[in-house]
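I'd like to go over a predicted model; first the sequence, then the structure.
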Amino acid sequence: MKTYVLFILIAFSTFSGIAQRGVRIGYVDMDYILQNVEEYQMANKQLASKVQKWKGEAEDQEQTIQKMWADLNAEKILLTKELIQEREEEINALERQMKDYQQDRFGPQGDLVRQRSQLVKPIQDQVFNAVQEIAANKKYDFVFDKSADVVMLYSDKRHDISEQILRSINVTRKQEDRKAPNSALDEFQEEEKDPELKAREEAYEEKKETIANDVEARREAKLKEIEARKKAYEERRQKMLEEREARRKAKLEERERLKEENKSSNTTENEEGE
């Protein structure tokens with residue numbers, strides 16, 4: 001559909017050449033503009049650093065959960081069915097927490113998408129304003145974004161007004177900097193510290209710490225229980241061994257007693273026979 005629209009515009013431009021003047025068409029390369037706006041690049045690096053931190057936290061959670069599953073599998077032989085079920089519920093709760101964290105950070109409505117939008121929007125607004133001004137001054141009828149979804153099968157470089165847009169943005173920024181010292185990067189950093197995001201991060205950290213402490217406490221309690229069960233088992237085993245040894249000694253003593261009685265009986269019979 002978008003291709004057809006572009007063809008219609010080109011056809012319209014051709015037929016309009018018969019009129020007093022032709023239709024003037026220009027385009028901008030938004031990707032190129034973003035790459036050449038220093039403040040955007042600085043803020044983008046800051047966001048990339050945050051993304052790496054979030055990924056690291058997600059990986060740490062996943063490794064912790066994998067270790068908990070491995071520990072549970074290794075200890076199952078010593079646990080009751082109820083204890084196994086309780087441990088599985090704890091790990092499943094942590095897995096749900098991990099998925100919620102990944103969704104909050106990287107989901108369609110997550111922090112990454114939201115902050116990236118916040119980062120790009122000021123530049124997009126500046127580009128839009130610059131396009132309006134340049135298009136009005138130079139009598140452009142249409143201005144397209146080359147990096148958008150419009151299919152441009154061919155575009156002559158002379159119609160590219162990206163450099164003009166950059167110059168206009170730089171001039172506007174210098175004028176604004178003289179009036180207000182805050183840059184787009186400063187605004188992005190301030191936005192990062194908004195109460196909602198800060199509250200979410202603090203709530204997550206508090207919840208993560210609470211869960212970690214609870215899991216550790218439960219783990220220590222279970223280890224103590226396992227040790228107590230082991231100790232009780234060893235005591236029962238030792239008692240059984242001692243009882244077995246006592247029975248063995250009793251049998252040996254009984255056997256020796258019977259042998260002595262038989263020996264004594266035989267001696268008496270021999271003496272009577274003589």
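Arrived safely, thanks for sending.

as a check, name the ranges of all strands in the stretch 1-150 of the chain.
Applying DSSP state E, counting those that start in this stretch to the stretch 1-150 of the chain gives strands spanning 25-28, 142-145.

please identify the most buried of those.
Each of the strands of the stretch 1-150 of the chain was assessed for mean neighbour count using mean count of other CB atoms under 10 Å. The highest is strand 25-28, with a mean of 21. In short, each C-beta sits where N, CA and C put it, glycine included.

just the CA atoms of that one, as PDB, please.
In PDB, the C-alpha atoms belonging to strand 25-28 read as follows (Å, rounded to 0.1, in the frame of the first residue of the first chain):
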ATOM      1  CA  ILE A  25      10.200  16.500  -3.000                       C
ATOM      2  CA  GLY A  26      12.900  16.100  -0.300                       C
ATOM      3  CA  TYR A  27      13.800  13.500   2.200                       C
ATOM      4  CA  VAL A  28      15.700  13.200   5.500                       C
END
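
same question for that strand, mean pLDDT?
For strand 25-28, the mean per-residue pLDDT is 86.

any idea how far the closest residue to residue 34 other than its chain neighbours is from residue 118?
Distances taken as CB to CB, 6 or more residues apart in numbering place residue 40 nearest to residue 34, at 5.3 Å, with adjacent residues excluded. From residue 40 across to residue 118, the span is 12 Å (CB to CB, to the nearest Å).

those two: which is more packed in?
residue 40 (19 against 16; other CB atoms under 10 Å).

wait, what's in contact with the more buried one?
Under the criterion of CB atoms under 8 Å, 6 or more residues apart in numbering, the neighbours of residue 40 are 34, 119-120, 123, 184.

which of those residues fall in helices?
If you go by DSSP state H, the contacts of residue 40 have 34, 119-120, 123, 184 in helices.

ok, back up a step: please identify which of the strands of the stretch 1-150 of the chain is closest to residue 165.
Evaluated over those, closeness to residue 165 peaks at strand 25-28, with 5.5 Å, by CB to CB.

ok so, going back, output the strands of the stretch 1-150 of the chain as a markdown table; include the columns distance to residue 209.
Listed next are the strands of the stretch 1-150 of the chain as a markdown table, based on distance: least, CB to CB, whole Å:
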| stretch | distance to residue 209 |
| --- | --- |
| strand 25-28 | 48 |
| strand 142-145 | 46 |
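
mind checking how far the top helix by length along the chain is from the chain centre?
In the chain, taking DSSP H as the definition, the longest helix is helix 195-273. Distance, stretch centre to chain centre, for helix 195-273: 45 Å (CA atoms, centre = their mean, to the nearest Å).

now do stretch 115-133
Computed by CA atoms, centre = their mean, the chain-centroid distance of stretch 115-133 equals 29 Å.
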